[in-house]
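Trainee: sequence first, predicted model second:
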Amino acid sequence: MQNRNKILFLLLTILIVVLFAIDMMVGSVGISVGEVWAAVTGGECDPIKAKIIIDIRLMKAIVAILAGAALSVSGLQMQTLFRNPLAGPYVLGVSSGASLGVALFILGAPLVGLSSSPILSSLGVAGAAWIGSAAVLALVATVSRHIKDIMVILILGMMIGSAVSAIVQILQYMSHEEALKGFVVWTMGSLGDVTISQLWLVALAIISGLIISIAVIKPMNLMLLGEAYARTMGLNIQRTRSLILLSTTLLAGTTTAFCGPVGFIGLAIPHLARIIFQNADHRVLLPASMLSGVISLLLCDIVSKLLTLPVNTVTALLGIPIVVWVVVRNKNIV
């Protein structure tokens, strides 16, 4: 089994390298492998193509790698924490909270005459989304300290998300056409809006979230056997739950803030990793989900560029069949 896992990890890593190279080549301007290599290594390359490769495509590919890893790992954590195969990083309101932050920034500010405020201008769409998603998860995390039933927290997160979505819809109804268009574009998701200065912040937040997720691998394995058994083994359930929620905030919250609500990766990819590796051990599942998430988002970015579609629509088309398969297989899900 270990040899099989090693071979699978090697194949996934090779596939990431191949898709990364293809992602750098594909776009409105065709670029060869040699030109990509020359631009990246500082060799002779057409200045315009070199700028496209370094400033646009390389940035998008790196963001795809970070976002794919972040969403898939946060999805795995949520499914383990709630012991529910249909749980995902946005179940606790990350997406809805981010949408509220962006809606207040794009739609709400003009309604109250604050569209030219220097404070709001410096905040930016990404910052507003980050604050919104973090605020909702912070609320859920605070409540979770006083509620032991994990399913109650799951339902609470869904209700908060629904309430926030209702507020967003009210803002959409009241907003002007130009502001509404900007908000709709954000909801479609994009991997190309992260600047070089923002990339360091995105990378720091996501890497921090991944480090926390690695630290709770053993506790998550214990939680698979039930909270009662985990407690008998000396596991601090409240601390583990808080760490998982913090990790999800950093991973899914950061991705949503800077890339928009890229859906279905967090929900579908952990199941894909389970199918490929046929293993429930998080020591295998976590890196497997991470690599599978990177592959999926790189592939979605390539398809979105070839078909000129928003990346969120492509991730949905990829993830929906997997989710449907999970629902059919788990017919007893209420």
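Mentor: Structure received. Quick caveat: nothing in here was measured; it's all calculated off a predicted structure.

Trainee: check the secondary structure at Val91 for me.
Mentor: In three-state terms, and counting by DSSP: H, G, I helix; E, B strand; the rest coil, Val91 is coil.

Trainee: what do you get for Ile147?
Mentor: Applying three-state DSSP to Ile147 yields a three-state assignment of coil.

Trainee: that one: neighbour count?
Mentor: 12 (other CB atoms under 10 Å). Just so you know, the C-beta spots here come from the backbone N, C-alpha and C atoms, and that holds for glycine as well.

Trainee: and the nearest residue to it once chain neighbours are set aside, how far is that from Leu245?
Mentor: Once flanking residues are discounted, Ile147 sits nearest to Ile153: 5.9 Å by CB to CB, 6 or more residues apart in numbering. From Ile153 over to Leu245 the distance is 9 Å, taken as CB to CB, to the nearest Å.

Trainee: just for the chain, where's the confidence low?
Mentor: The chain contains residues with pLDDT under 70 at 1, 92, 109-123, 141, 144-145, 148-150, 330-334.

Trainee: need the contact list for the residue most central in space within it.
Mentor: Of all residues in the chain, the one closest to the mean position by CA atoms, centre = their mean is Leu71, 3.0 Å from it. Residues near Leu71 by CB atoms under 8 Å, 6 or more residues apart in numbering: 89, 251-252, 255, 262, 265-266, 269, 293, 297.

Trainee: can you check Ala205 too?
Mentor: Listed by CB under 8 Å, 6+ apart, the contact set of Ala205 reads 250, 254.

Trainee: now do the same end-to-end measure for stretch 25-41.
Mentor: By CA to CA, to the nearest Å, the extent of stretch 25-41 from end to end equals 15 Å.

Trainee: buried residues in it?
Mentor: 25-27, 31, 35-36, 38-39 (16 or more other CB atoms under 10 Å).

Trainee: residues making contact with that stretch?
Mentor: Outside of stretch 25-41, the residues within contact range by CB under 8 Å, 6+ apart are 21, 24, 43-46, 49-50, 52-54, 56-58, 302, 305-306.

Trainee: ok, 6 Å please
Mentor: Residues outside stretch 25-41 that contact it (CB atoms under 6 Å, 6 or more residues apart in numbering): 24, 44-45, 49-50, 52-54, 302, 305.

Trainee: thinking again about what came up before, and of the contacts of Leu71, the nearest to Phe183?
Mentor: Val262 (16.1 Å; CB to CB).

Trainee: biggest separation within the contacts of stretch 25-41, which pair?
Mentor: Checked with CB to CB, the contacts of stretch 25-41 reach their widest spread between Glu44 and Ile302, with 26.4 Å between them.

Trainee: pull out the buried residues from the contacts of stretch 25-41.
Mentor: Among the contacts of stretch 25-41, those classed as buried by neighbour count (16+ other CB under 10 Å) are 24, 45, 49-50, 52-54, 302, 305.

Trainee: in strands only, show me the buried residues of stretch 25-41.
Mentor: In strands, defined here by DSSP state E, there are no members of the buried residues of stretch 25-41.

Trainee: tell me the one of those nearest Ala288?
Mentor: Out of those, the one with the shortest distance to Ala288 is Val26. That distance is 26.1 Å, counting by CB to CB.

Trainee: the closest one and Leu298, how far apart?
Mentor: Here Val26 is placed at a distance of 11 Å from Leu298 (CB to CB).

Trainee: and what of Ser190?
Mentor: Applying CB to CB, one obtains 15 Å for the distance of Ser190 from Leu298.

Trainee: which one of the two has more residues nearby?
Mentor: In this comparison of Ser190 against Leu298, neighbours counted by other CB under 10 Å, the higher total goes to Leu298 at 24 against 18.

Trainee: now the more buried one: how far from Gln238?
Mentor: Look at Leu298 and Gln238: by CB to CB, they are 37 Å apart.

Trainee: repeat for Ser72
Mentor: The separation that Ser72 has from Gln238, given CB to CB, amounts to 26 Å.

Trainee: more neighbours: which of these two?
Mentor: Set side by side, Ser72 and Gln238 show unequal neighbour counts under other CB under 10 Å, the larger going to Ser72 at 31 against 11.

Trainee: so who does Ala134 touch?
Mentor: Contacts were defined as CB under 6 Å, 6+ apart; by that measure Ala134 touches 249, 253.

Trainee: where does it fall, secondary structure wise?
Mentor: Under the criterion DSSP states H and E, the helix or strand holding Ala134 is helix 118-144.
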